[in-house]
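>>> Show me the folded form of this:
(one chain, ligands or ions: 1)
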Amino acid sequence: MMSQSQALDQLVDFQSAIPKISRMGGGGSRTRLFACVRCHLLKTKEQFDKNQCENCPDFDSFEENTTSIYEGIVTLINPKESYVGNVLGLSDVIPGMYAMTVGSSAE
Ligand SMILES: [Zn+2]
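So this is what the prediction gives:
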């Protein structure tokens, strides 16, 4: 009878620990960058939550408009005069970090 209640206690402990773990995960991802799927701007989730995307007026949802799947990071100090910015079609954007390619949700 003891072992059963002990097992139950452990189960309850484990379940109450889950939200704590996922909250820690969220805090730990503070430096993780997400890319805007339209202009490729790279920012943290907190920055997107606070300012949305400076380049995209119709940015309305972090979940729908950003992705964590991207390749290559370029920093555009002066996008209008940047060769890389022009090649990527990012000449009319705010200075910042951009992903070169943004992964599709195809996979
Ligand atoms: Zn954008």
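>>> Give the rounded mean pLDDT of the helix or strand encompassing Glu46.
According to DSSP states H and E, Glu46 maps onto helix 45-51. On average, the pLDDT along helix 45-51 is 94.
>>> what about it and the ion, touching?
No: residues of helix 45-51 contacting the ion under CB under 5 Å from the ion: none, with a closest distance of 9.2 Å. Glycine gets a C-beta too; all of them are placed from N, C-alpha and C.
>>> Check which element follows that helix along the chain.
Sequence order places helix 62-65 as the next helix or strand after helix 45-51, per DSSP H and E.
>>> buried sites along that next one?
Buried residues in helix 62-65, counted by 16 or more other CB atoms under 10 Å: 62, 65.
>>> what do you get for stretch 80-97?
Per 16+ other CB under 10 Å, stretch 80-97 contains these buried residues: 82, 85, 88, 90, 93, 96.
>>> okay, the residues you listed in CSV with pLDDT and secondary structure next?
Converted to CSV, those look like this (pLDDT from 0 to 100; DSSP: H, G, I helix; E, B strand; the rest coil):
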residue, pLDDT, secondary structure
Ser82, 90, coil
Gly85, 88, helix
Leu88, 86, coil
Leu90, 89, coil
Val93, 95, coil
Gly96, 94, strand
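>>> Return the member of the residues you listed nearest to Phe34.
The closest of the buried residues of stretch 80-97 to Phe34 turns out to be Gly96 (CB to CB; 12.8 Å).
>>> got the buried residues of stretch 80-97 as CSV, with distance to the ion columns?
What follows is the buried residues of stretch 80-97, written out as CSV (distance: CB to the ion, whole Å):
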residue, distance to the ion
Ser82, 17
Gly85, 14
Leu88, 13
Leu90, 10
Val93, 8
Gly96, 10
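>>> now, the most widely separated pair of those residues?
Maximum pairwise distance among those (CB to CB): 12.7 Å, between Leu88 and Gly96.
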